[in-house]
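sequence unknown, structure follows:
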């Protein structure tokens, strides 16, 4: 079982939860489980072709999965997956 | 981040007294304070993040502070932009900021730039400073600041906020990643709301802005461990701080080994053409608030649908039927598609999406109230509060 941290802008699509528990052997499987359960989330994270959107980064614990095995990165029990989208608010 | 000019900078007796609490710490000392005085820091934006950032840098004794802002103080800014006060509403932010900063520290060499940062002026401007602090509020400018920092070799002390979460890091150092290493592409316009639409906890830019000021000072003094290669994630509601590792991307188009971006580009285009979502208000039938009033007064059979959130309805409403936008797909059967429906939200953005959705669901008689309830408050009924 792993936990996915949901960033604020996306919490409205997961019933306002900040963390979601998911099953999955890899990051890809866990993410897929997340968007199957919360289908409105899919288009915010993935393109129509099923690729992770470029302004969304996914971390396994504190490492960017792009520098691990991407969605094939293997999960251990208790791992934390973080979805980190870009935000720009500052002055306004 | 020590500059070579600090040795020629001296502190007079008055400054020594002023900074005594810095001077008695070995991590700062006379040498450190001289480095601060010799440093030139450019703050982009004197708003939520820029306010605490500039205030603390001035207090700390940074010698030269540049401020870039073309904006005017608005009443709704006061909830978080603490460098501005009620009496400053309507003034240029630069003027308001200058007064407070010089008030804190008359030794400050303040340079103000009443301009919008752009591809035309950024490089020349950045060359005159040592460190850039990004306090802007939109994606095109963030990419512009990043690219200009990499191209001029200046560190980019980054902070950003949304509602009650923030991010902080230091980009564009030689060994470290840049913003594009983390986010090669911006989100499509309309996907991430601005503070005016999404709201922001007033204290949040205070928290993040002071973190930025801290990183600026650490870079100048060359002490501690800066947030290079580290993304700090701040959750103010949980008061939790997490850190993620950032790596320099060797294929980064700006700071990688074979950069393809060697000059500044059109950032509005960059952020616009990547957008897969078209601006939703295009092509959706609209009704003005004046026409809406006229028709309601004439007792036309017009159903008013309000797609805001319940807490917004409590702030102000015009008696519309409330179905929050995100609930619309589930509750669409509460609506009668044979009736004409005028949809409104706060400013017209969400309601435009609702109209588009209803049209796709087969509703033929839906219109968007342009400008939303705020336009109604401004032009039709001033008793209705704006927010």
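Ah, there it is. Model, not experiment: these values are computed from the prediction.

please report phi then psi for the residue nearest the centre of chain B.
What sits nearest the mean C-alpha location of chain B, by CA atoms, centre = their mean, is residue B:137, with 2.2 Å. Per-residue torsions, residue B:137: phi -130, psi 20 (degrees, to the nearest 10).

what's the answer for residue B:63, then?
Backbone geometry at residue B:63, expressed as degrees, to the nearest 10, gives phi -70, psi -50.

cool, and residue B:243?
Residue B:243 adopts backbone torsions of phi -130, psi 140, taken as degrees, to the nearest 10.

can you verify my assumption that the residue nearest to the centre of chain B contacts residue B:47?
Yes. Using CB atoms under 8 Å, residue B:137 makes contact with residue B:47 at a distance of 6.8 Å. In short, each C-beta sits where N, CA and C put it, glycine included.

so for chain A, the centremost residue is which one?
residue A:83 (4.0 Å).

surely that residue is within a strand?
Yes. Counting by DSSP: H, G, I helix; E, B strand; the rest coil, residue A:83 is located in a strand.

tell me the pLDDT of it.
You'll see residue A:83 listed with a pLDDT of 92.

report the contact partners of it.
Shown in contact with residue A:83 (CB atoms under 8 Å, 6 or more residues apart in numbering or on different chains): A:4-7, A:10, A:45, A:56-58.

at 6 Å instead, please
Contact analysis of residue A:83 by CB atoms under 6 Å, 6 or more residues apart in numbering or on different chains lists A:7, A:58.

next one: it relative to chain B, how far apart?
Relative to chain B, residue A:83 is positioned 11 Å away (CB to the nearest CB, to the nearest Å).

kindly report the same for residue A:15.
To chain B, residue A:15 is 10 Å away according to CB to the nearest CB.

phi, psi of that residue?
Dihedral angles of residue A:15 (phi, psi; degrees, to the nearest 10) stand at phi 60, psi 40.

now do the contacts for it.
Under the criterion of CB under 6 Å, 6+ apart, the contact list for residue A:15 is empty.

next one: it from residue B:162, what distance?
Here the criterion is CB to CB, to the nearest Å. By it, residue A:15 lies 19 Å from residue B:162.

contact residues of the stretch 201-350 of chain B facing chain A?
For the stretch 201-350 of chain B, the contact set with chain A under CB under 6 Å from any CB of the partner chain comprises B:244-245, B:247, B:326.

farthest-apart pair in those, please.
Distances among these were taken as CB to CB; the most separated pair is B:247 and B:326, at 35.5 Å.

tell me which helix or strand of chain A sits lowest on mean pLDDT?
Scoring the helices and strands of chain A by mean pLDDT, DSSP states H and E places helix A:8-11 at the bottom, with a mean of 81.

which other residues reach it?
Residues outside helix A:8-11 that contact it (CB under 6 Å, 6+ apart): A:44, B:162-163, B:165, B:192.

now intersect those with the helices, please.
Counting by DSSP state H, the part of the contacts of helix A:8-11 found in helices is residue A:44.

buried among the contacts of helix A:8-11? Need that as a selection in PyMOL.
The following PyMOL line selects those of the contacts of helix A:8-11 that are buried, judged by 16 or more other CB atoms under 10 Å in any protein chain shown:
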select buried, (chain A and resi 44) or (chain B and resi 162+163+165+192)
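
hmm, who's touching stretch B:171-185?
By CB under 6 Å, 6+ apart, the list of residues contacting stretch B:171-185 from outside reads A:54-55, A:86, B:146, B:149-150, B:155-156, B:158, B:228-229, B:246, B:248-249, B:252, B:254-255, B:274.

which stretches in the stretch 251-387 of chain B count as strands?
Taking DSSP state E, counting those that start in this stretch, the strands of the stretch 251-387 of chain B run over residues B:286-287, B:302-306, B:321-322, B:340-344, B:366-369.

what of chain A?
Using DSSP state E, the strands of chain A run over A:2-5, A:19-22, A:56-60, A:63-64, A:80-85.

just checking, what packs against the third one?
Translated: strand A:56-60. Contact here means 3 or more CB pairs under 6 Å, 6 or more residues apart in numbering or on different chains; DSSP states H and E; on that basis strand A:56-60 packs against strand A:80-85.

neighbouring strands of the strand it packs on in the sheet, and parallel or not?
Applying DSSP bridges to the sheet, strand A:80-85 is found paired with strand A:2-5 (parallel), strand A:56-60 (antiparallel).

that strand: how far from the chain's middle?
In terms of CA atoms, centre = their mean, to the nearest Å, the centre of strand A:80-85 is found 5 Å from the chain centre.

buried sites along that strand?
Neighbour counts over strand A:80-85 (16+ other CB under 10 Å) mark A:81-85 as buried.

is the helix or strand hosting residue B:43 in proximity to chain A?
Using DSSP states H and E, residue B:43 maps to strand B:40-44. No. Strand B:40-44 does not reach chain A (CB under 6 Å from any CB); its nearest approach is 8.4 Å.

identify the residues contacting that strand?
Residues contacting strand B:40-44 (CB under 6 Å, 6+ apart): B:50, B:53-54, B:57, B:62, B:64-68, B:117, B:129-136, B:145, B:216.

hmm, who's touching stretch A:36-53?
The contact list for stretch A:36-53, computed with CB under 6 Å, 6+ apart, reads A:10, A:13-14, A:35, A:56.

end-to-end on that stretch?
End-to-end distance for stretch A:36-53: 17 Å, by CA to CA, to the nearest Å.

in it, what's buried?
Going by neighbour count (16+ other CB under 10 Å), the buried part of stretch A:36-53 is A:38, A:41-42, A:44-46, A:52-53.

ok so, going back, for the residue nearest to the centre of chain A, list each beta-bridge partner.
Taking DSSP bridges as the rule, residue A:83 bridges to residue A:58.

how many other residues sit next to residue B:386?
For residue B:386, the tally of surrounding residues (other CB atoms under 10 Å in any protein chain shown) stands at 15.

next one: residue B:153
Counted with other CB under 10 Å, the neighbours of residue B:153 add up to 11.

re earlier: contacts for the helix or strand following the strand holding residue B:43, please.
Going down the chain from strand B:40-44, the next helix or strand is helix B:50-60, by DSSP H and E. Outside helix B:50-60, the residues that touch it by CB under 6 Å, 6+ apart are B:41, B:43, B:65, B:81-83, B:101, B:104-105, B:108, B:133, B:135, B:206, B:209-210, B:212-213, B:217.

got the angle between helix B:50-60 and strand B:40-44?
Here helix B:50-60 runs at an angle of 160 degrees relative to strand B:40-44 (axes from the mean of the first three to the mean of the last three CA atoms, to 10 degrees).

and after helix B:50-60, which helix or strand comes next?
For helix B:50-60, the following helix or strand on the C-terminal side (DSSP H and E) is strand B:64-68.

that following strand - what's its average pLDDT?
For strand B:64-68, mean pLDDT rounds to 97.

in its sheet, what does it sit against?
In the sheet, strand B:64-68 lines up against strand B:40-44 (parallel), strand B:109-113 (parallel) (DSSP bridges).

before we move on, the earlier item: highest mean neighbour count out of the strands paired with strand A:80-85?
The highest mean neighbour count among the strands paired with strand A:80-85, using mean count of other CB atoms under 10 Å in any protein chain shown, belongs to strand A:56-60: a mean of 21.
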